[in-house]
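1. coords please:
(chains A and B)
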Amino acid sequence: MSGAARITLLHGGLIAALLALHFVLPVYHHGNMARIMVLASYAVGYNIVFGYTGLLSLGHALFFAAGMYGMGLAVQHLGMGPGAALAIGVAAGALIAGALGLLALRTTGVAFMIVTLMFAQAGYLAILYFGDWTRGDEGFVIARASRVLWGIDLSDPGNRYLAAWALFSAALLASLWLVRAPFGRSLIAIRENEARTVMLGYDTFRLKWAAMVVSGTISGAAGAAYALLFGYAGASFAAVEYSILPLLWVLLGGAGTVLGPFVGTLFMFYLIDLSSGITTAYMLIAGVVLVLLTLFAPQGLMGELRRRFWGWLP
Amino acid sequence: MTKDITRRGALGTLAGGAAALPLWARYTHAQTAEPIKIGFQVHRTGIGAAYGRWYDRTTNAAVKLINEGGGINGRMVEMVAEDDGTNPKRGAEVVEKFANQHGCDVAYGTLFSHVVIGSAPRAGELKLPYFVVSEGHHVASGMLNRYTLQPGITDVKSQVLAMAPFVAENLGKKVTMIFADFAFGHNHRDFFTEAIEAQGGEVLAHIAIPPNETSFTRYFPKIPRETEVLYHVMVGPSVLTFVKELGEFFGPSAPALFGFIDSLEAVDIASPGLEFLEGTYFWEGMCRDAQPDETEDEAFYRAAVGVDAHGAAVEDPNDVSTYGHMFGCWITMFAIKAGMEAAGYRGPQDRAALIEAVEALGDMPHSRAYPQGPMRFNGRTHQVFGQQYISRVEDGRLVRVHTTTIDESLYPDKVDYTQQPL
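-> I've put the predicted structure just below:
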């Protein structure tokens, strides 16, 4: 079987399997999987900047929140329908990523981490500051009537699952296409050796900026979808924790692998969920497992799979 | 006219039909011999942890008493506790877990308002009655849904409405407010400012302090000189530092102090450095120090939750309770019991009847079940109203000096949840 066929089969297989799970999963896990797919879409967005371009951003919560609030505020204050509000959320993610990229990409390494972190904190504090509009840390509920998109009630568990599946499939396929296209190849070149990429004649600033915009767009879409599907927008999603989480998911699943973000998000979600059933000190269990994984699979689960068995994994 | 079946049309129909298939494994109806399961969304970690511990203890005491009395409708009550990390995302997941994995009959116990607001939409969608003990105005504001109720504790709006006349008449009309800079503090800021203006007073300055702040001295110089009353309401692990630094700043020449007991929950008033609080006033949801006229019902509750006459754990006088709030858990448990008994609750199929029965609770007379005082549940706004207490610090003890009536705490309804479908 050719490499391309194997790649299509694996990624198409995951998408098909997730669709099939809609019909067989018990109701609790069905709900969890919808949530995981939305969060995994966020991780997919993060992976483009971190996994493929090699830029360690600590400010992605800003893009996720931009999507969430872009969507939520448009519904809440402008009285928009969910379709238009969703588009505004996605556009807000793209726009803020573009603006932040222009500033933050002037720095590299640790400075890039700090600049992105500071901007995200500024965004978080802005949400609290404009509490009259955003309802601050308390957040606000997105009414059920505002969650009916093209006649489909997204508060219905079945519709929610399928919407999350559609979002995740789109993000996954876009990411797969992107990293195999010349654009993605040049991002990988930047990750591996930026000086050499510059020497070969690439405008690396422009490429990195484009990667930021793509990543911000996907993250914004995930944030907007989260608000739409689960009916809540709140400042806690803009806090530093939500910049660290996608990093963790991507590292666990395998940075620079297309499937890694999904695997990492799934793993982390159930690690917390299952360990909290065993003890109240569940964060301790989660911490120990993460340390073990870092020791024995430093490239993440899919990264380790690629290193040992599937060298062709994108 | 004939209609051709196209390949695309057929696929569309199939896909639509498949998507509409019922999800596997829905609710399994509870057997009558099984216990009634109450999902307890508890803040074991995160900023709410200090409250969570005492909420836990009060809840367990209420469950013990209910079960000793034969349970609810002849069935024992079983609590299923899950930590939500004081986080709205995890809160929503925990609500799903209660409904879909543990098969709980109702969810209960959330304190912090962002967790309530993050979780309530899911509770409404899952049609899981969700009893919160949060004090926030969000329930009565109409933001939530018919499945979310607050029958055990009054909301901030009603508390400050009842307090404002006392403050204006006895302490002064020029007020400076110091409050925690998050939604709970903003509720105080907005509602008290409105209420004191209605009494002919004014707020000279609003001083918001970020919840993670650890040193407060730099905020105090912002207090205007002509301040007659300093109104403070702080929450979180640094409350003791806040109050101590406030005393150090003012020395003996402080304006009148009026605080919400939130600023000193789980803190011993007689702690060294707090001597300056002598003679100052506090709002209390329920009197921490046993009063000379303590009723038999209050005394019974105090003993049942294991708290001594000074509001500390019986087994450890240094472990001061969150007495001014935790009664909300006790009362909510008994409101659930009353609702389930009135509805003849048997299992999840009776959840709608349970909501209607709680909406019809109305007057909740002072009793062992409702030891805070007489209460009145407003079925339209899903919010309970009750008496409020003002205490003065005397010899390191909180002595009640004023009790407001329920009527003083009422305000016009903003919502009628009973109009929403079940």
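
2. C-alpha from now on. contacts and neighbour counts both.
-> Fine.

3. nearest residue to the residue in the stretch 201-314 of chain A that chain B sits nearest to in space, ignoring adjacent ones along the chain?
-> The nearest approach of the stretch 201-314 of chain A to chain B comes at A:Tyr232, 5.6 Å away (CA to the nearest CA). Distances taken as CA to CA, 6 or more residues apart in numbering or on different chains put A:Val141 closest to A:Tyr232, at 4.6 Å, once the chain neighbours are dropped.

4. returning to that earlier point: so what's the residue count around the residue of the stretch 201-314 of chain A closest to chain B?
-> 26 (other CA atoms under 10 Å in any protein chain shown).

5. show me the contacts for it.
-> A:139-142, A:226, B:117-118, B:121 (CA atoms under 8 Å, 6 or more residues apart in numbering or on different chains).

6. take those residues and keep only those in helices.
-> A:226, B:117-118, B:121 (DSSP state H).

7. with respect to A:Ile285, which of those is nearest?
-> B:Gly118 (26.0 Å; CA to CA).

8. surely that closest one is in contact with B:Ala92?
-> Yes - in this structure B:Gly118 lies within contact range of B:Ala92 using CA atoms under 8 Å: 6.1 Å.

9. what about these two, which has more around it?
-> Between B:Gly118 and B:Ala92, counting by other CA under 10 Å, B:Gly118 is the more crowded of the two (27 against 24).

10. buried sites along the helix or strand encompassing B:Ala303?
-> Element membership for B:Ala303 (DSSP states H and E) is helix B:296-304. Buried positions in helix B:296-304, judged by neighbour count with 16 or more other CA atoms under 10 Å in any protein chain shown: B:297-302.

11. then stretch A:202-217?
-> Residues A:202, A:204, A:207-217 are the ones in stretch A:202-217 that count as buried (16+ other CA under 10 Å).

12. okay, now the one residue in chain B that gets nearest to chain A: neighbour count?
-> Nearest residue of chain B to chain A: B:His114, at 4.2 Å (CA to the nearest CA). B:His114 is flanked by 32 other residues according to other CA under 10 Å.

13. kindly report the same for B:Asn170.
-> Neighbours of B:Asn170 using other CA under 10 Å come to 9.

14. with B:Gly142 instead?
-> Neighbours of B:Gly142 (other CA under 10 Å): 17.

15. ok, the residue nearest to A:Tyr232 to A:Gly72 distance?
-> 9 Å (CA to CA, to the nearest Å).

16. which neighbours do these two have in common?
-> A:Ala233.

17. quick one: the helices in the stretch 251-400 of chain B?
-> Applying DSSP state H, counting those that start in this stretch to the stretch 251-400 of chain B gives helices spanning B:296-304, B:323-343, B:351-359.

18. tell me which of those sits most buried.
-> Highest mean neighbour count of these: helix B:323-343, a mean of 24 (counted as mean count of other CA atoms under 10 Å in any protein chain shown).

19. okay, that helix in PDB with CA atoms only?
-> Output of helix B:323-343 as PDB, limited to C-alpha atoms (Å, rounded to 0.1, in the frame of the first residue of the first chain):
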ATOM      1  CA  TYR B 323     -21.400  29.300  59.500                       C
ATOM      2  CA  GLY B 324     -22.900  32.300  57.800                       C
ATOM      3  CA  HIS B 325     -23.400  30.300  54.500                       C
ATOM      4  CA  MET B 326     -23.300  26.600  55.100                       C
ATOM      5  CA  PHE B 327     -26.800  26.400  56.500                       C
ATOM      6  CA  GLY B 328     -27.800  26.800  52.800                       C
ATOM      7  CA  CYS B 329     -26.800  23.100  52.200                       C
ATOM      8  CA  TRP B 330     -28.900  21.800  55.100                       C
ATOM      9  CA  ILE B 331     -31.900  23.800  54.000                       C
ATOM     10  CA  THR B 332     -31.500  22.800  50.400                       C
ATOM     11  CA  MET B 333     -31.400  19.100  51.300                       C
ATOM     12  CA  PHE B 334     -34.600  19.400  53.300                       C
ATOM     13  CA  ALA B 335     -36.200  21.400  50.500                       C
ATOM     14  CA  ILE B 336     -35.300  18.600  48.100                       C
ATOM     15  CA  LYS B 337     -36.900  16.100  50.600                       C
ATOM     16  CA  ALA B 338     -40.000  18.200  50.900                       C
ATOM     17  CA  GLY B 339     -40.300  18.500  47.100                       C
ATOM     18  CA  MET B 340     -39.800  14.800  46.500                       C
ATOM     19  CA  GLU B 341     -42.300  13.900  49.100                       C
ATOM     20  CA  ALA B 342     -44.900  16.300  47.800                       C
ATOM     21  CA  ALA B 343     -44.300  15.000  44.200                       C
END
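
20. packing partners for it?
-> helix B:49-68, helix B:351-359 (3 or more CA pairs under 8 Å, 6 or more residues apart in numbering or on different chains; DSSP states H and E).

21. recalculate using a threshold of 10 Å.
-> Packing contacts for helix B:323-343, counted by 3 or more CA pairs under 10 Å, 6 or more residues apart in numbering or on different chains; DSSP states H and E, involve helix B:49-68, strand B:106-108, strand B:130-131, strand B:281-284, helix B:296-304, helix B:351-359.

22. mean confidence for that helix?
-> Averaged over helix B:323-343, pLDDT sits at 95.

23. check stretch A:164-177 too.
-> For stretch A:164-177, mean pLDDT is 95.

24. ok, stretch B:300-307 next?
-> Stretch B:300-307 comes out at a mean pLDDT of 95.

25. can you list the residues that contact it?
-> The contact list for stretch B:300-307, computed with CA atoms under 10 Å, 6 or more residues apart in numbering or on different chains, reads B:54, B:57-62, B:64-65, B:288-290, B:294-299, B:308-309, B:311-317, B:319-321, B:323, B:326-327, B:330, B:367-372.

26. would you mind checking these for buried ones?
-> B:54, B:57-62, B:64, B:288-290, B:295, B:297-299, B:308, B:311-314, B:320-321, B:323, B:326-327, B:330, B:367-372.

27. could I get the full set of strands for the stretch 1-150 of chain A?
-> A:140-141, A:148-149 (DSSP state E, counting those that start in this stretch).

28. show me where pLDDT drops low in the stretch 201-350 of chain B?
-> Applying pLDDT under 70 to the stretch 201-350 of chain B picks out residues B:236-237.

29. 90 instead, please
-> Scanning the stretch 201-350 of chain B for pLDDT under 90 picks out the ranges B:209-218, B:220-221, B:225, B:232-257, B:259-280, B:318, B:322.

30. thinking again about what came up before, give me the buried subset of the ones in helices among the contacts of A:Tyr232.
-> Neighbour-count burial (16+ other CA under 10 Å) is assigned, among the ones in helices among the contacts of A:Tyr232, to A:226, B:117-118, B:121.

31. from those residues, which is closest to B:Thr193?
-> Of all these, B:Thr193 sits closest to B:Ile117, with 24.1 Å by CA to CA.

32. residue contacts, that closest one?
-> By CA under 10 Å, 6+ apart, the neighbours of B:Ile117 are A:138-141, A:231-234, B:88, B:91-92, B:136, B:138-139, B:143-144, B:148.

33. quick one, which of A:Val141 and A:Gly72 is more surrounded?
-> Remark: of A:Val141 and A:Gly72, A:Gly72 carries more neighbours, 35 against 23, as counted by other CA under 10 Å.

34. for the more buried one, report the pLDDT, please.
-> The model's pLDDT for A:Gly72 equals 94.

35. where does the prediction get shaky in chain A?
-> In chain A (pLDDT under 90), the answer is A:1-9, A:27, A:76-81, A:108-109, A:128-139, A:143-156, A:241, A:255-256, A:271-314.
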